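I would like to see how this sequence folds:
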Amino acid sequence: MTQPTPGRRAWQVLAVTSVAMFMALLDVTIVNIAFPDLRRSFPGASLADLSWVLNAYNVVFAAALV
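Alright, predicted model coming up:
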């Protein structure tokens, strides 16, 4: 089995990292788009309370990525 060249390996790492970053951005964007639906689902919750939900989700998601 032949070893990949260093230049090719760097491009592979860049491609995987780019796809992972895109998926993370997409996930966070979808959660932020769902914010109005969250607000309608919990009419008694304040905007500050709901922002804590989004912050908690993002922190847990970031920890899961690591």
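
Which positions in the host helix or strand of Y57 come out as buried?
In the assignment (DSSP states H and E), Y57 maps to helix 47-65. By neighbour count on 16 or more other C-beta atoms under 10 Å, the buried set for helix 47-65 is L50. Quick note: C-beta positions are derived from backbone N, CA and C, even for glycine.

Give me the contacts around it.
Residues outside helix 47-65 that contact it (C-beta atoms under 8 Å, 6 or more residues apart in numbering): A20, A24, D27, V28, V31, N32, F35, L38, R39, F42.

for these, which one is nearest W11?
A20 (15.0 Å; C-beta to C-beta).

What helix or strand is the closest one located in?
helix 6-33.

Specify the angle between that helix and helix 47-65 in degrees.
160 degrees (axes from the mean of the first three to the mean of the last three C-alpha atoms, to 10 degrees).

Show me what the following helix or strand past helix 6-33 packs onto, helices and strands only.
The helix or strand immediately downstream of helix 6-33 is helix 35-41, counting by DSSP H and E. Other helices and strands packing on helix 35-41, by 3 or more C-beta pairs under 8 Å, 6 or more residues apart in numbering; DSSP states H and E, are helix 47-65.

Need the CA coordinates for the helix it packs on. CSV is fine.
Extracted in CSV, the C-alpha atoms of helix 47-65 (Å, rounded to 0.1, in the frame of the first residue of the first chain):
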residue,chain,number,x,y,z
LEU,A,47,-37.1,36.1,25.3
ALA,A,48,-34.2,35.8,27.8
ASP,A,49,-35.4,32.4,28.9
LEU,A,50,-35.5,31.1,25.3
SER,A,51,-32.1,32.6,24.5
TRP,A,52,-30.7,30.4,27.4
VAL,A,53,-32.1,27.4,25.6
LEU,A,54,-30.3,28.3,22.4
ASN,A,55,-27.1,29.0,24.4
ALA,A,56,-27.3,25.7,26.2
TYR,A,57,-27.8,23.9,22.9
ASN,A,58,-24.8,25.5,21.3
VAL,A,59,-22.6,24.8,24.3
VAL,A,60,-23.6,21.1,24.4
PHE,A,61,-23.2,20.9,20.6
ALA,A,62,-19.7,22.4,20.8
ALA,A,63,-18.7,20.0,23.6
ALA,A,64,-19.9,17.1,21.6
LEU,A,65,-17.8,18.2,18.6
